[in-house]
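J.: Fold the following for me, if possible:
(chains A and B)
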Amino acid sequence: MPPTWTLLKLDPPRCRFKENKQANIVAMPIRLSQLFFRSLREDPVEAEVDSHKLLVRSSYIRRAAPGIYSWLPLGLMVKSKIEQIVREEMHNAGAQEVHFPALLPKEPYEESGRWEEYGDNIFRLQDRKKADYLLAPTHEEVFTLLVKDLYGSYKDLPLQLYQIQTKYRDEARPRAGLLRGREFIMKDAYSFDIDDEGLEASYQSQRDAYERIFQRLGLEYEICAADAGAMGGSKSEEFLAPSAIGEDTFVRSSGGFAANVEAVRFEVAEKVDSSNVPVAEVHHSPETPTIKTLVDFSNSNLSRHPDGEFTAADTLKNVVLKLVQADGKSRLVIVGIPGDRDVDQKRAEAWFGCDVEQATEEDFKNHPELVKGYIGPAKDGKQFLGLDTESKLEYLLDPRVAEGSHWITGANAREKHVYNLVFGRDFDADGIADIANILPGDPSPDGSGELELARGIEIGHVFQLGRKYADALGLKVLDENGKLVTVTMGSYGIGVTRIMAVLAEENHDDKGLIWPESVAPADIQVVPTGKDEEVYTVAERLTAELEQAGKTVLIDDRAKVSPGVKFADAELIGIPKILIIGKGLANGEVEIWDRVANNRQTVNVESAFYQLLS
RNA sequence: CCGGUAGUGGCGCAGCUUGGUAGCGCGCUUCGUUCGGGACGAAGAGGACGUGAGUUCGAAUCUCGCCUACCGGACCA
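T.: Residues are numbered from 1 along each chain as shown, chains lettered A, B, ... in the order given. Okay, here's the model as predicted:
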């Protein structure tokens, strides 16, 4: 009986390539014997995260300089596939592609103020005439000027443009391979509208496109409310890929709330009844400059009413912060937060919109009235902190501090604390400051359950820029009444190379990468093993047939390479489906290895072929 | 920017304490054997020991300076 595979009546190997008549190019299977590829058996010493290790070990990328990578053929294939998906969905959203120089003169960035703002994070250089240039870290200015150049009427809008381009930022500390590089590829889109309704519609179309893109890429993502802060925008959302190695912290609730911690705003707690709270009382509390020592002291020297132990949550911690403006000017504020919490610096900076530092010894020297460790809002029955007091120091409260609630807090004298100090009765504040860290189990601000904290990698960001750049660069159009109006803009970014790293990070095992089908360098890897010529003949035929049927194939046609090496390399490369042709062929059998499910099944040649087509 | 660690063939490392012919594994080349889990034997190619100065008859090794990289942190619309 002849082997089953002959029943397939495969075409002879003349069809090893297929012609793409439209593009007039010839597609061929990727031959590992020809591919510029060398797998590394050991992890590169500089790589810390798995995606970085595996992408280097399997010849997708090579480090060229800190945070700068060269792209090898396999890497380019994956990158192009990601870009293609992004292009298609940008097209569906109605955006048109443009391409800008990476090397730009400084003038537009001077006009927008970012030549200064960016500081050391920008790569700067000079031409032979000593004129200043930069490697674009992002292209808002150039987009804005391009539209200003050509368009001048409301009839030209709305408009959406995008680019997929290399960007440069001189990060102080590049890390984690492609996740935070100094050269990286971003898709940036911008929308231009005449009014807020238009902007809202443009924003929504990009947001929808992002959801389609990440779904097609097989990427898990969480859409988080983000802090629009420094960009001066009104609405902003981040797409975060949940990951243990993520640099962003976000919260989510079972009821669907999700936000970057910087963007969470809590409601001010409702007033509570304080009529049963005894009068405030100052106690001598030796050696209690910290919350912990204060709680311990209280528990061993005082009894709590009705009963139970004092906890850190009963204390009010008054933190002295230094707000540093961009121009270098600074001022002190004092924020009262429940003692079981700390100041979250990122939340603080988002709240105040400037740099926030801890007050220094120097600052305390300049304010001798502040007794470190014993600071409180009131002293001797009078308000002590606040703009209208003698100290003239602004005093803000955490929103959890309810009117009527009572606290243990500093009495503004060495080793003295005051008990039962009631907000609204015994002290006041200038306002609120929602800058305390969020704890797991905190109620969601929208009432949708308890908050859970998680880490994520920012893979996309959409926001409504508004008129910041249009104002700065004078992008105006005539409206239907013939009046000049400033255009309102939206900005929508996706980190292409970062997505590749995230995909590698989320799709691998200890042996190698396992790409989602949508971005794998090929659909199928064909692995002939052994030295039997028949094996190679059949492998070539199947490859040709699969290619002709529209699949892309990587064939490991390296002669004299042992099966162990071929298997190991196949695992490393990460094409999700592997077809092994080897000793079973004598019985007309081959193996299909599903890397995702990580199982192998032996099937006859014919059904293998059809199974791989599906 | 702060802190830590390290620079020796393409990659991973030893050698440095106690100065004296530069070594190992992987990879690469050739020949032969092997061929379903990173095979084996034999023979090869490949090194400014980061850099500058110093000590010494002699420096990868000792001394001082510098540079660079990696890791942690700060920072990162």
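J.: how near is residue A:593 to RNA strand B?
T.: Distance, residue A:593 to RNA strand B, by C-beta to the nearest atom of the strand, to the nearest Å: 7 Å. The way it works is simple: take the backbone N, C-alpha and C, and place the C-beta from them, glycine included.
J.: ok, now residue A:169?
T.: For residue A:169, the distance to RNA strand B equals 6 Å [C-beta to the nearest atom of the strand].
J.: contacting residues around that residue?
T.: With contacts defined as C-beta atoms under 8 Å, 6 or more residues apart in numbering, residue A:169 is in contact with A:121, A:122, A:123, A:137, A:182, A:184.
J.: Buried only: go through these for me.
T.: For the contacts of residue A:169, a burial check counting by 16 or more other C-beta atoms under 10 Å picks out A:122, A:123, A:137, A:182, A:184.
J.: of the contacts of residue A:169, closest to residue A:276?
T.: Closest approach to residue A:276 among those (C-beta to C-beta): residue A:121, at 55.8 Å.
J.: Now for the closest one: which residues touch it?
T.: By C-beta under 8 Å, 6+ apart, the residues touching residue A:121 are A:137, A:169, A:170, A:171, A:172.
J.: Check those and tell me the two furthest apart.
T.: A:137 and A:172 (13.6 Å).
J.: what is the rounded mean pLDDT of stretch A:107-118?
T.: Stretch A:107-118 carries an average pLDDT of 80.
J.: what does the model give whatever residue of the stretch 401-550 of chain A ends up closest to RNA strand B for pLDDT?
T.: When distances are taken as C-beta to the nearest atom of the strand, the stretch 401-550 of chain A reaches nearest to RNA strand B at residue A:530, 3.2 Å away. Residue A:530 is assigned 87 on the pLDDT scale.
J.: quick one: what helix or strand has the closest residue to residue A:528 other than its chain neighbours in it?
T.: Nearest non-adjacent residue to residue A:528, counting by C-beta to C-beta, 6 or more residues apart in numbering: residue A:539, 3.8 Å away. Here residue A:539, judged by DSSP states H and E, is contained in helix A:533-548.
J.: Quick check: residues of the stretch 301-450 of chain A near RNA strand B?
T.: A:345, A:346, A:349 (C-beta under 7 Å from any atom of the strand).
J.: let's go with 6 Å and repeat that
T.: For the stretch 301-450 of chain A, the contact set with RNA strand B under C-beta under 6 Å from any atom of the strand comprises residue A:345.
J.: Relative to RNA strand B, which residue of the stretch 301-450 of chain A is the closest?
T.: Closest point on the stretch 301-450 of chain A to RNA strand B, by C-beta to the nearest atom of the strand, is residue A:345, at 4.9 Å.
J.: what's the neighbour count on that residue?
T.: 15 (other C-beta atoms under 10 Å).
J.: wait, it sits on residue A:356?
T.: Yes. Counting by C-beta atoms under 8 Å, residue A:345 touches residue A:356, with 6.0 Å between them.
J.: C-alpha coordinates for the helix holding residue A:539, PDB please?
T.: Provided in PDB are the C-alpha atoms of helix A:533-548 (Å, rounded to 0.1, in the frame of the first residue of the first chain):
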ATOM      1  CA  GLU A 533      15.600  12.600   1.600                       C
ATOM      2  CA  GLU A 534      12.000  11.700   1.400                       C
ATOM      3  CA  VAL A 535      11.300  13.800   4.500                       C
ATOM      4  CA  TYR A 536      12.700  16.900   2.800                       C
ATOM      5  CA  THR A 537      10.900  16.200  -0.400                       C
ATOM      6  CA  VAL A 538       7.600  16.000   1.400                       C
ATOM      7  CA  ALA A 539       8.400  19.000   3.500                       C
ATOM      8  CA  GLU A 540       9.100  21.100   0.400                       C
ATOM      9  CA  ARG A 541       5.900  20.000  -1.200                       C
ATOM     10  CA  LEU A 542       3.800  20.600   1.800                       C
ATOM     11  CA  THR A 543       5.400  24.000   2.200                       C
ATOM     12  CA  ALA A 544       4.700  24.900  -1.400                       C
ATOM     13  CA  GLU A 545       1.100  23.700  -1.100                       C
ATOM     14  CA  LEU A 546       0.500  25.700   2.100                       C
ATOM     15  CA  GLU A 547       2.000  28.800   0.600                       C
ATOM     16  CA  GLN A 548      -0.200  28.400  -2.500                       C
END
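J.: quick one: low-confidence parts of the stretch 301-450 of chain A?
T.: The stretch 301-450 of chain A contains residues with pLDDT under 70 at A:303-307, A:326-328.
J.: quick one, strands of it?
T.: For the stretch 301-450 of chain A, strands defined by DSSP state E, counting those that start in this stretch occupy the ranges A:316-324, A:330-338, A:355-358, A:378-379, A:382-383, A:394-397, A:406-410, A:416-422, A:431-432.
J.: looking at those strands, which is buried most?
T.: strand A:406-410 (a mean of 26; mean count of other C-beta atoms under 10 Å).
J.: Tell me which residue is most central in chain A.
T.: residue A:458 (0.8 Å; C-alpha atoms, centre = their mean).
J.: That one sits in which helix or strand?
T.: Secondary structure assignment for residue A:458, by DSSP H and E: strand A:451-466.
J.: Ok, residue A:76 next?
T.: For residue A:76, the host element (DSSP H and E) is helix A:73-92.
J.: and that helix, what does it pack onto?
T.: Helix A:73-92 is packed against strand A:159-168, strand A:183-193, helix A:196-216, helix A:496-506, with contacts defined by 3 or more C-beta pairs under 8 Å, 6 or more residues apart in numbering; DSSP states H and E.
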